[in-house]
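In: Pasting the sequence and the predicted coordinates here, then a few questions.
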Amino acid sequence: MSTLHDESTNSSCNHNQGNGAAHSPCSHHKEHGESRAHHERPLQQVKNIIAIASGKGGVGKSTFAVNLAISLAQTGAKVGLIDADLYGPSIPTMFGLLDAKPEVAGKNLVPLEKFGVKLMSIGFLIDIDTAVIWRGPMASSAIKQFISEVDWQELDYLIFDLPPGTGDIQLTIAQTIPLTGAVIVTTPQDVAIADVSKALSMFRKVNVPVLGLVENMSYYELPDGTKDYIFGNQGGEIFARTQGVAFLGSIPIDRAIREGGDNGTPCILSKPDSATSKAIKQAATEVARQVSITNTRQAAELS
Ligand SMILES: Nc1ncnc2c1ncn2[C@@H]1O[C@H](COP(=O)(O)OP(=O)(O)O)[C@@H](O)[C@H]1O
Ligand SMILES: [Mg+2]
């Protein structure tokens, strides 16, 4: 990677065409007669690109992104995961790859691979304790290099673990990458949900389909089997319904999730049969289903 040089973002055109759908230039480029070659779709060999987003931090975005990626890989899909949280990368820790460095092949970086998932994170390139103090354009440029200068090869799913909120990095990704759709992660409290509205409206403004909403930290299961809804009951599900987006599932609060995140073996691998892991796998299946629905709808709209 050519040292993450500074370069401004300049795309105002969302090439939002997932699943390898036939790429056509967007209308304003047609009008201006720009060549198709100028606007080659990035990540040609990637069928579906999914962004995992949230209104605020600490809601379990990275946790869900990691477990989703592994769940999809377990179904036989080819999966890549980009840690787009440049200011707080979690992927190296969550995959137990704190000291790993990617190899270089020609001009490109070779993604690391673990648990069947190809990975790229700023944490593999610079010391994870070094504060990243880049301004927006430089951060956007780093993300673009994760896309164009990493040898992803063929993938069924490429997942972006986004930073919290609706800043430069999220906008760069939403506007320059042909996202199939975004998955929003929230906790049930109202505060988190107020922020979620902002994330939803950002994706809607840039015409990225919202695949659905995952509610994390939904409840804590007590030893007698009863559920304690610590952060309120069904906030995410009710919110999803009122916003007209699919509800993808509820994931409980579970020490195994936190431990799996910290020790580098995600809980769906360390405790595959737990209720928590089953809830995560069910949400992953639902994400895949929503991807198919979205692709079918877009193909119909294009034809
Ligand atoms: N359902 C859960 N149960 C227990 N701990 C969780 C759960 N979801 C996330 N965590 C923990 O909460 C912390 C924040 O999660 P993380 O995925 O890093 O959030 P985000 O990426 O949204 O900032 C991590 O330590 C993670 O292990
Ligand atoms: Mg994170």
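Out: Perfect, I can see it now. Numbering: from 1, shown residues only. Ligands and ions are numbered 1, 2, ... in the order given.
In: For N67, list the residues it contacts.
Out: Residues near N67 by C-beta atoms under 8 Å, 6 or more residues apart in numbering: P266, C267, I268, S277, I280, A284. To be clear about C-beta, it is placed using only N, CA and C from the backbone, and glycine gets the same treatment.
In: Tell me which helix or strand comes right after the helix or strand containing it.
Out: Under the criterion of DSSP states H and E, N67 resides in helix 61-74. Downstream of helix 61-74, the next assigned helix or strand under DSSP H and E is strand 79-83.
In: If you count neighbours, what's buried in the lengthiest helix in the chain?
Out: Longest helix in the chain, counting residues (DSSP state H): helix 275-302. Within helix 275-302, the residues that qualify as buried are 276-277, 279-281, 283-284, 286-288, 290-291, 294-295, 298, counting by 16 or more other C-beta atoms under 10 Å.
In: What of stretch 112-128?
Out: Quick answer for stretch 112-128 (16+ other C-beta under 10 Å): 112, 114-115, 117-125, 128.
In: Pick the one among the contacts of N67 closest to I177.
Out: A284 (21.1 Å; C-beta to C-beta).
In: Nearest residue to the closest one in space, ignoring adjacent ones along the chain?
Out: S71 (3.6 Å; C-beta to C-beta, 6 or more residues apart in numbering).
In: Contacts only, for that neighbour.
Out: Counting by C-beta under 8 Å, 6+ apart, S71 has contacts I268, I280, K281, A284, T285.
In: can you redo those residues as a markdown table with pLDDT?
Out: Shown next, in a markdown table, are those (pLDDT from 0 to 100):
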| residue | pLDDT |
| --- | --- |
| I268 | 97 |
| I280 | 98 |
| K281 | 98 |
| A284 | 98 |
| T285 | 98 |
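In: ok, those residues vs ligand 2, which is closest?
Out: Nearest to ligand 2 among the contacts of S71: I280, at 15.9 Å, using C-beta to the ion.
In: could you list every residue that touches the closest one?
Out: F64, N67, L68, S71, G249, I251, C267, I268.
In: what's the most distant pair in the residues you listed?
Out: Most distant of the contacts of I280, by C-beta to C-beta, are G249 and C267, 14.9 Å apart.
In: Any regions of the stretch 201-303 of the chain where pLDDT drops low?
Out: By pLDDT under 70, the stretch 201-303 of the chain has no low-scoring segment.
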